[in-house]
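S.K.: Kindly return the folded structure for what I paste below:
(chains A, B, C and D)
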There are 2 protein chains.
Amino acid sequence: MTNTYKYPRPAITVDCVVFGYDGNELNILLIKRGIEPFVDCWALPGGFVRHDETIDEAAKRELLEETFVKNIYLEQLYTFGDLYRDPRERVISVSYFALVRQEEFQIKASTDANEVAWFKVQNTPALAFDHENILEMALKRLKNKVRYEPIGFELLPPKFPFSALEQLYESIIGKPLDRRNFRNKFQKMGLLTKLSEKQEKVAHKRGFLYQFDSDKYEQLKKDGFEFAI
Amino acid sequence: MTNTYKYPRPAITVDCVVFGYDGNELNILLIKRGIEPFVDCWALPGGFVRHDETIDEAAKRELLEETFVKNIYLEQLYTFGDLYRDPRERVISVSYFALVRQEEFQIKASTDANEVAWFKVQNTPALAFDHENILEMALKRLKNKVRYEPIGFELLPPKFPFSALEQLYESIIGKPLDRRNFRNKFQKMGLLTKLSEKQEKVAHKRGFLYQFDSDKYEQLKKDGFEFAI
DNA sequence: TATCTTTGCGTAATATATACACAAAGACAG
DNA sequence: CTGTCTTTGTGTATATATTACGCAAAGATA
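M.R.: Numbers count the residues shown, from 1 in each chain, chains lettered A, B, ... in the order given. As a prediction, this is how the structure comes out:
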């Protein structure tokens, strides 16, 4: 590293891949752009990094502005730095990967004259810029990560029946799991607390609700436990 | 994303964590800084991203300038964007993670009046900026990655005895492995070609040399094979 | 020729992953 | 209130993978 270089410098943005689960399918949050370039095109929520905030703060802020949800699972994904990602000028984008409980989430009606909507991951529209690449990378990361870290719980409500957990895993991994083996494995891990409450308003036998025990998880990790499914 | 923002903008750098293996220990390449800030302090090789190159190209270029090695294993690691990483002004750094065959490598004597040297990973000096954080992250990534992708071969010479492979894995993972189980596992995978050549100039029974068969690996991957050790 | 170090190999014991089926709960329709 | 439908809840046998472990032969050196 020699001396600080001069202008022109690339602009820096953050883009967030926000995953939600509606109890049925894995969804992703998109906004419809109100301005050029790619006006009226769907895109990942994101924006410029301010000079007085870290990149993580920028991601949190953008997410809050778009989703009104705090204390979300958020991690950095990858940085996209090709030359012509943005037709206006050079823009380097640090992408983030977020998981939200779609239930708790209120879609903000048209910020900056933007539409905001959930799309099924399996059925997304064409996206602005290189956002399809970003989404693809996020999906890969989610699929890998869900198998060796208990991040699935970030997508579920705090109390859930076992079947919800299984369906979530199936929809992320993309293939069916054996229900009995899945239950056995999870139960042996001891990360789930069985509540006395049951599901309500279901047209069949009601299942018990469970809670993820994050304290227990932290404790087990210290002893070398490795989550895997 | 609204409109392109104005100056001031952060500067963008790349920093490379270059791992090498000398047949005995895992090493990392550092340069001694010739200018302020952190003059005379050891640091990761890196530098500013030019306006006409992608960030990957910047990393490759910096690496070539420092190491004279091309066609290296190189992947993006993480982007560091805290406000005061660099005391001069705001600098966002995209870090990369590289593996080189230390044998093939020629250390360039004092570029820009800089010293360049290999350090044992277990015995690194204090580093400039937040480079210790970057190194820590790179080490974690390496330890994880070496277990589920055959990247270890990037550090070894093209022909190596089985013991070299085992020692490499042990020094990366940081604990001893059972020699027989390690061999069995690797041999069952079928990724190694046994050559008719043997080790030379060793004061004990000479072992056969092996080669990593990357074509076979690509082929197996297509059929759903997953490398793991 | 004895000594030293490393190579090269296989099997038994244990743990983990997979495959698989049936009875009970509860809503709803008739 | 009875039958039907769907989902819940559970256990075992089999196959597969992981771990632990010891001994003879090669080759250099003294």
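S.K.: Output the strand or helix carrying A:Asn184 as CSV, nothing but the C-alphas.
M.R.: Applying DSSP states H and E as the criterion places A:Asn184 in helix A:179-189. In CSV, the C-alpha atoms belonging to helix A:179-189 read as follows (Å, rounded to 0.1, in the frame of the first residue of the first chain):
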residue,chain,number,x,y,z
ARG,A,179,-39.7,-37.1,9.2
ARG,A,180,-38.8,-39.6,11.8
ASN,A,181,-35.0,-39.3,11.3
PHE,A,182,-35.3,-35.6,11.3
ARG,A,183,-37.1,-35.5,14.6
ASN,A,184,-34.8,-38.0,16.2
LYS,A,185,-31.8,-36.1,15.2
PHE,A,186,-33.1,-32.8,16.5
GLN,A,187,-34.4,-34.3,19.7
LYS,A,188,-31.1,-36.0,20.5
MET,A,189,-29.3,-32.7,20.1
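S.K.: Flag every buried residue along it.
M.R.: Across helix A:179-189, burial judged by 16 or more other CB atoms under 10 Å in any protein chain shown covers A:Phe182, A:Arg183, A:Phe186, A:Met189. Where C-beta positions appear, they are placed from N, C-alpha and C, glycine not excepted.
S.K.: and the nearest residue to the first one once chain neighbours are set aside, how many neighbours?
M.R.: Read it as A:Phe182. In this structure, A:Phe182 finds its nearest non-sequential neighbour in A:Glu166, 5.3 Å apart by CB to CB, 6 or more residues apart in numbering or on different chains. For A:Glu166, the count of nearby residues is 17 (other CB atoms under 10 Å in any protein chain shown).
S.K.: Keep only those of the buried residues of helix A:179-189 that are also close to DNA strand D.
M.R.: Checking the buried residues of helix A:179-189 against DNA strand D by CB under 7 Å from any atom of the strand, the ones in range are A:Arg183.
S.K.: between the buried residues of helix A:179-189, which is nearest A:Glu154?
M.R.: Among those, A:Phe186 lies closest to A:Glu154 (CB to CB), at 16.0 Å.
S.K.: what pLDDT does the nearest residue to the closest one once chain neighbours are set aside get?
M.R.: Distance criterion CB to CB, 6+ apart; nearest residue to A:Phe186, sequence neighbours excluded, is A:Leu192 at 6.0 Å. For A:Leu192, the pLDDT comes out at 96.
S.K.: Tell me how far A:Leu192 lies from DNA strand C.
M.R.: Between A:Leu192 and DNA strand C the computed distance is 16 Å (CB to the nearest atom of the strand, to the nearest Å).
S.K.: can you tell me how far that residue sits from A:Lys159?
M.R.: Distance, A:Leu192 to A:Lys159, by CB to CB, to the nearest Å: 11 Å.
S.K.: shared neighbours of the two, anything?
M.R.: Common neighbours of A:Leu192 and A:Lys159 (criterion: CB atoms under 8 Å, 6 or more residues apart in numbering or on different chains): A:Tyr210, A:Gln211.
S.K.: Those two: which has the busier surroundings?
M.R.: Neighbours per residue, other CB under 10 Å: of A:Leu192 and A:Lys159, the larger number sits with A:Leu192, 19 against 15.
S.K.: Buried ones in the helix or strand containing the residue nearest to A:Phe182, by neighbour count?
M.R.: Using DSSP H and E, A:Glu166 sits in helix A:162-173. Across helix A:162-173, burial judged by 16+ other CB under 10 Å covers A:Phe162, A:Ala164, A:Leu165, A:Glu166, A:Gln167, A:Leu168, A:Tyr169, A:Ser171, A:Ile172.
S.K.: would you list these in JSON lines and tack on distance to A:Tyr210 and pLDDT?
M.R.: Output for those, formatted as JSON lines (distance: CB to CB, whole Å; pLDDT from 0 to 100):
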{"residue": "A:Phe162", "distance to A:Tyr210": "6", "pLDDT": "96"}
{"residue": "A:Ala164", "distance to A:Tyr210": "9", "pLDDT": "96"}
{"residue": "A:Leu165", "distance to A:Tyr210": "7", "pLDDT": "97"}
{"residue": "A:Glu166", "distance to A:Tyr210": "11", "pLDDT": "96"}
{"residue": "A:Gln167", "distance to A:Tyr210": "14", "pLDDT": "96"}
{"residue": "A:Leu168", "distance to A:Tyr210": "12", "pLDDT": "97"}
{"residue": "A:Tyr169", "distance to A:Tyr210": "14", "pLDDT": "97"}
{"residue": "A:Ser171", "distance to A:Tyr210": "18", "pLDDT": "95"}
{"residue": "A:Ile172", "distance to A:Tyr210": "18", "pLDDT": "96"}
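S.K.: of the residues you listed, closest to A:Ile229?
M.R.: Of all these, A:Tyr169 has the smallest distance to A:Ile229: 6.7 Å, by CB to CB.
S.K.: ok, A:Glu66 touching A:Val116?
M.R.: Yes. Using CB atoms under 8 Å, A:Glu66 is in contact with A:Val116, at 6.5 Å.
S.K.: Show me which helix runs longest in chain A.
M.R.: helix A:131-148 (DSSP state H).
S.K.: Report the angle between that one and helix A:162-173.
M.R.: Calculated by axes from the mean of the first three to the mean of the last three CA atoms, to 10 degrees, helix A:131-148 forms an angle of 130 degrees with helix A:162-173.
S.K.: now the helix or strand A:Leu195 falls within: how far from the chain's centre is it?
M.R.: Assigned by DSSP H and E, A:Leu195 belongs to strand A:192-198. Offset of strand A:192-198 from its chain centre (CA atoms, centre = their mean, to the nearest Å): 26 Å.
S.K.: does DNA strand C sit close to the following helix or strand past it?
M.R.: Next helix or strand after strand A:192-198 toward the C-terminus (DSSP H and E): strand A:208-212. No. Residues of strand A:208-212 are not located near DNA strand C by CB under 7 Å from any atom of the strand, the shortest gap being 9.9 Å.
S.K.: average pLDDT for the helix or strand following strand A:208-212?
M.R.: Counting by DSSP H and E, the next helix or strand C-terminal to strand A:208-212 is helix A:214-222. The average pLDDT for helix A:214-222 rounds to 93.
S.K.: domain ranges for chain A?
M.R.: Annotated domains of chain A cover A:11-148, A:156-222 [automatic domain parsing].
S.K.: deepest of the ones you listed, which one?
M.R.: Greatest average neighbour count among the domains of chain A goes to domain A:11-148 (a mean of 18), per mean count of other CB atoms under 10 Å in any protein chain shown.
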